[in-house]
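# sequence and predicted structure, then a few things I'm wondering about:
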Amino acid sequence: LATSRGLAMALAPGLARKVKKVLETSLESPEILSCLRSLSEFYPENTPEARRGLRRSVEQHGLSINREYLTASSKAQVALRAVDGQLERLLGSCDVISSALERTRERTGELLRETASLDGEIASIEEKQQIVQTFAVDFQLTDEDVAALEGTVTGTSTGTDTTSDSNQIDTKFFTALTRARTIHGNCKRLLRTHHQRAGLELMDQMSSYQEKAHERLCRWVQRECRSLAEEDGGEDVDETLTRAMTALKHRPTLFKYCVEEVARTRHNALFRRFITALTKGGPGGVPKAMEHQQSDPVRFVGDMLAWLHQAVCGERELVGALLGGTDGGDDGADDGNDDQNIHDAGGNKNRVDETTETLHGPSSAVETSSPEAETNASEVLDRILDGIKRPFRVRVDQALTGQSGESEIVRYKLAGLFSFYGSILQKICGNGGSLVSTLKECHALALDAFEQTVALRAKRLVKHPPVVNDDLSAPDCVLETTRRVVELLSATQVSSSAFEVDDTTGEPIAVTSVRAMLVPVVMACELSAETLVSDASYESTHENKHPRYAKRAFLVNCFGGLLKPLREFPDAAGFVSDFDTKADTLLHEMARTEAHALLRRVGLLEIRQVAGLYSSARVRDVGTANSHEQSAGTGNSHQQLSSTMSKDPALRLATVGASLDALVEAVGASDEQVPSFDLVRDPARRATARTAYAGEIIEAFTTTYAALLAPGNGYDLNEVKRAVTHGPGALSTLLGGV
């Protein structure tokens, strides 16, 4: 290596650089390896001759490669020359075409300018066409609309109108009528512009169309109303007829004629149907004629009222369907929207003539019906129902006056029916309906008849009181009246009369009616009881058919007969309480009277009364003495009171003791220690009387015996025990089972 470096340094500088470059070249680089592999393909042997001709061999190899490339690319060069020739020819053709286009452009320039002018004219014509179409829509009726309004049939093939009149009214008619009304309103707006003459002519034309259409519609409605005469009124009314009545509201006179026709035909039809239901009944006799039930007034009147209720509901629905429609302008709502859409579809609204611009106002020229055309449906319904008032009233009068026996109950039930159906029909017809007034009159008439019948029956009862039965049971008039009252209260519970109030007394009518029926019976029973022997005359009468308490026992039995059935009814609670109080009072008086009779017989009644006077005076004087307890004479006064009772001749110990023993012996010796009070029919009240009797006896004995034992009365206790053989326990034992 050192030798090589020295050799390199000895060489020329250029050669030295090349040698250095060769020496520094790396034989392992990819480029060197690739060159060596390529060289190995045409460098067969590594000989000195071959190394000396290496440059020439490489150049020859490169020359052969270039020749092969030229040979291989000769075909491409031929193709490229062909393409170049074609491009030359194409450029020539393009130049020819450009020249032709230039010449054509020069010839068609004038044609293009003429076409642009024609396009402007077409746009102007289309704009005018839009204006004309808009005007025709808003101010002209189509042939179909005119044919629908006049009732003529338009030919489908020739487009001509025939003269045959069509009596049918359909949706096309109402659509055309609404269009005519809308156009008429648009013409009013047109009068505010400079097109007044056209507006007046169009208004006259539309008015003529509307007048003919309304007259034709009126005739059609009258025909349809006549056809309703035989219908029941409960079915749905044809919508076309409803729309026709609504449309006629714009012509008050024609609308009034149609309303009168409706009222007249329905009035006559309802009268015929009511008479048929009364006399013939339904088809084939089912249901039967209502007059077949005249023997039962309540059912007869109830059937009539039920029929009236059904008929009124049907007529109300029919009248509401005919007269309750909305204003006629509503029929044109859709058409107005269609017109607006036509305006909006034009595109150039800003350039539309001011005449058509006036059509877009908010009112849209829809007429409103005259206030005179607004007919109250209740008034029409009242005119329809007026025909059945008289036959109904006649039959009600027959039902109220043609009955006897149970007439007051029948009349009360009829009054309840009138009240019930009157309140229902009042909600349907209103307060001012003549049929409602008729029912109120019938209700008042039924109540008056009821009161008169009750008053007449009461007068007969008081004038001829019932005869007292031997067993002192309630007479038949009590039982009969009770049955009638129960029937009346039962009828009240199932009707609306329970809530009615009497204007005079402020009480419910049911309570007033029950009082009117019960009070005379009580008075008659009291008059009948006066025929029985009284307590004062009982002792002087030698032959007594009834016991001492017969009068009170009879009245208790009468009250019992009235009370038992009435306890089930809340409306009779006041009478039940009153009668219970009176019966209890009579029972205690009865027991007290019998007890006093026994006490009087043994002499204890007078003793008890005198002892009671002393007891009362002693209580009064003791109170006075306590108020002066600081007085010196208080002790002497108290001692004087203490010795007063024992010194009274009527209250001697022997007398009082004998009376007490006699009472016990009288009770014990009797077959019945307590009277049975068998003439009192109610066992519970009979037991109450026996208990009250025993209480009176025991209370009299106990009070008197306690007065003997009281220290302040002056009796000696030992003498009291010797004078009174039986103590209070004995009497309680005898009467304890009561």
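Now that the structure is in, tell me what you want to look at.

# avg pLDDT for the helix or strand hosting residue 552?
Assigned by DSSP states H and E, residue 552 belongs to helix 550-566. The average of the pLDDT scores along helix 550-566 is 88.

# and for stretch 602-622?
Mean pLDDT, stretch 602-622: 75.

# residues in contact with it?
Contacts of stretch 602-622 with the rest of the structure, by Cβ atoms under 8 Å, 6 or more residues apart in numbering, involve 596, 599-600, 637-638, 641, 644-645, 648, 650-651, 655-656, 658-660, 662-663, 666, 700-701, 703-704, 707, 712-713. Using the backbone N, CA and C atoms, a C-beta is placed for each residue, glycine as well.

# just the residues you listed: which are in helices?
596, 599-600, 637-638, 641, 644, 655-656, 658-660, 662-663, 666, 700-701, 703-704, 707 (DSSP state H).

# from the residues you listed, which would you call buried?
Neighbour-count burial (16 or more other Cβ atoms under 10 Å) is assigned, among these, to 596, 599, 641, 644, 655-656, 658-660, 662-663, 666, 700-701, 704, 707.

# ok so, going back, who does the helix holding residue 552 touch, helix- and strand-wise?
helix 476-493, helix 509-529, helix 573-602 (3 or more Cβ pairs under 8 Å, 6 or more residues apart in numbering; DSSP states H and E).

# of those, flag the one that's most buried.
helix 509-529 (a mean of 20; mean count of other Cβ atoms under 10 Å).

# output that helix as PDB, restricted to C-alpha atoms.
The C-alpha trace of helix 509-529 is given here as PDB (Å, rounded to 0.1, in the frame of the first residue of the first chain):
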ATOM      1  CA  ILE A 509    -145.800  19.500  47.500                       C
ATOM      2  CA  ALA A 510    -145.600  15.900  48.700                       C
ATOM      3  CA  VAL A 511    -145.500  17.000  52.400                       C
ATOM      4  CA  THR A 512    -148.400  19.400  51.900                       C
ATOM      5  CA  SER A 513    -150.400  16.700  50.100                       C
ATOM      6  CA  VAL A 514    -149.800  14.100  52.800                       C
ATOM      7  CA  ARG A 515    -150.800  16.600  55.500                       C
ATOM      8  CA  ALA A 516    -154.000  17.400  53.700                       C
ATOM      9  CA  MET A 517    -154.800  13.700  53.700                       C
ATOM     10  CA  LEU A 518    -153.800  12.800  57.200                       C
ATOM     11  CA  VAL A 519    -155.100  15.800  59.300                       C
ATOM     12  CA  PRO A 520    -158.800  15.200  58.400                       C
ATOM     13  CA  VAL A 521    -158.400  11.500  59.400                       C
ATOM     14  CA  VAL A 522    -156.900  12.400  62.800                       C
ATOM     15  CA  MET A 523    -159.700  14.900  63.400                       C
ATOM     16  CA  ALA A 524    -162.300  12.300  62.500                       C
ATOM     17  CA  CYS A 525    -160.700   9.800  64.900                       C
ATOM     18  CA  GLU A 526    -160.700  12.400  67.700                       C
ATOM     19  CA  LEU A 527    -164.300  13.100  67.000                       C
ATOM     20  CA  SER A 528    -165.100   9.400  67.100                       C
ATOM     21  CA  ALA A 529    -163.100   9.000  70.400                       C
END
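
# and the pLDDT at residue 22?
Confidence score, pLDDT, at residue 22: 75.

# could you do the one 4 residues further on as well?
We note a pLDDT of 72 for residue 26 in this prediction.

# nearest spatial neighbour of it, skipping sequence neighbours?
residue 32 (7.0 Å; Cβ to Cβ, 6 or more residues apart in numbering).

# wait, isn't the one you found in contact with residue 25?
Yes: counting by Cβ atoms under 8 Å, residue 32 does reach residue 25; the two are 7.0 Å apart.

# for residue 199, give me its contacts.
187-188, 190-191, 193.

# out of the residues you listed, which is most surrounded?
Highest neighbour count within these: residue 190, with 26 neighbours (other Cβ atoms under 10 Å).

# that older thread, ok, which pair from the buried ones among the ones in helices among the contacts of stretch 602-622 is furthest apart?
Using Cβ to Cβ, those span at most 32.8 Å, a distance reached by 641 and 666.

# mind checking what secondary structure residue 278 has?
helix (DSSP: H, G, I helix; E, B strand; the rest coil).

# so what's the residue count around the nearest residue to residue 560 once chain neighbours are set aside?
Distance criterion Cβ to Cβ, 6+ apart; nearest residue to residue 560, sequence neighbours excluded, is residue 682 at 4.7 Å. Neighbourhood size, residue 682 [other Cβ under 10 Å]: 18.

# what's the answer for residue 75, then?
9.

# summarise which helices and strands the helix or strand hosting it is packed against.
Using DSSP H and E, residue 75 sits within helix 54-139. In terms of contacts (3+ Cβ pairs under 8 Å, 6+ apart), helix 54-139 is packed against helix 30-42, helix 171-190, helix 333-344, helix 354-357.

# check which residues of stretch 691-703 are buried.
692-698, 700-701.

# for those residues, work out which two are farthest apart.
Across these (Cβ to Cβ), the longest gap, 15.3 Å, separates 692 and 701.

# tell me the average confidence for stretch 303-323?
Averaged across stretch 303-323, the pLDDT comes to 88.

# buried stuff in that stretch?
Those would be 303-305, 307-308, 311-312, 314-319, 321-323, for stretch 303-323 by 16+ other Cβ under 10 Å.

# list just the nearest of those residues to residue 71.
residue 321 (109.4 Å).

# surely that closest one touches residue 242?
Yes: look at residue 321 against residue 242 with Cβ under 8 Å: they come within range, at 5.4 Å.

# the residue most central in space within the chain: which element?
Nearest to the geometric centre of the chain sits residue 427, at 13.1 Å (Cα atoms, centre = their mean). Following DSSP H and E, one finds residue 427 within helix 407-429.

# now the next helix or strand after that helix, how far from the centre of its chain.
Next helix or strand after helix 407-429 toward the C-terminus (DSSP H and E): helix 434-463. In terms of Cα atoms, centre = their mean, to the nearest Å, the centre of helix 434-463 is set 35 Å apart from its chain centre.

# helix or strand: which one has the residue lying closest to residue 587 once chain neighbours are set aside?
What sits nearest to residue 587 in space, not counting adjacent residues and going by Cβ to Cβ, 6+ apart, is residue 689, at 4.7 Å. Element membership for residue 689 (DSSP H and E) is helix 683-709.

# tell me what that helix is packed against?
So helix 683-709, by 3+ Cβ pairs under 8 Å, 6+ apart, packs with helix 573-602, helix 604-627, helix 653-669, helix 717-723, helix 728-735.

# and of the buried residues of stretch 691-703, the nearest to residue 559?
residue 692 (16.4 Å).

# residue contacts, that closest one?
Listed by Cβ under 8 Å, 6+ apart, the contact partners of residue 692 are 587-588, 590-592.

# kindly recompute the last result at 7 Å.
For residue 692, the contacting residues are 587-588, 591, by Cβ atoms under 7 Å, 6 or more residues apart in numbering.

# model confidence score at it, please.
Per-residue confidence (pLDDT) for residue 692: 90.

# with residue 424 instead?
Residue 424 is given a pLDDT of 90.

# need the contact list for the residue nearest to it when sequence neighbours are not counted.
Closest residue to residue 424 apart from its sequence neighbours, by Cβ to Cβ, 6+ apart: residue 309 at 6.3 Å. Neighbour list for residue 309: 421, 424-425 [criterion: Cβ under 7 Å, 6+ apart].

# is residue 295 in a helix, a strand, or coil?
Per three-state DSSP, residue 295 ends up coil.

# how many neighbours does it have?
9.

# ok, residue 47 to residue 37 distance?
According to Cβ to Cβ, to the nearest Å, residue 47 and residue 37 sit 20 Å apart.

# now residue 208
Distance, residue 208 to residue 37, by Cβ to Cβ: 116 Å.

# more crowded one of those two?
residue 208 (12 against 9).
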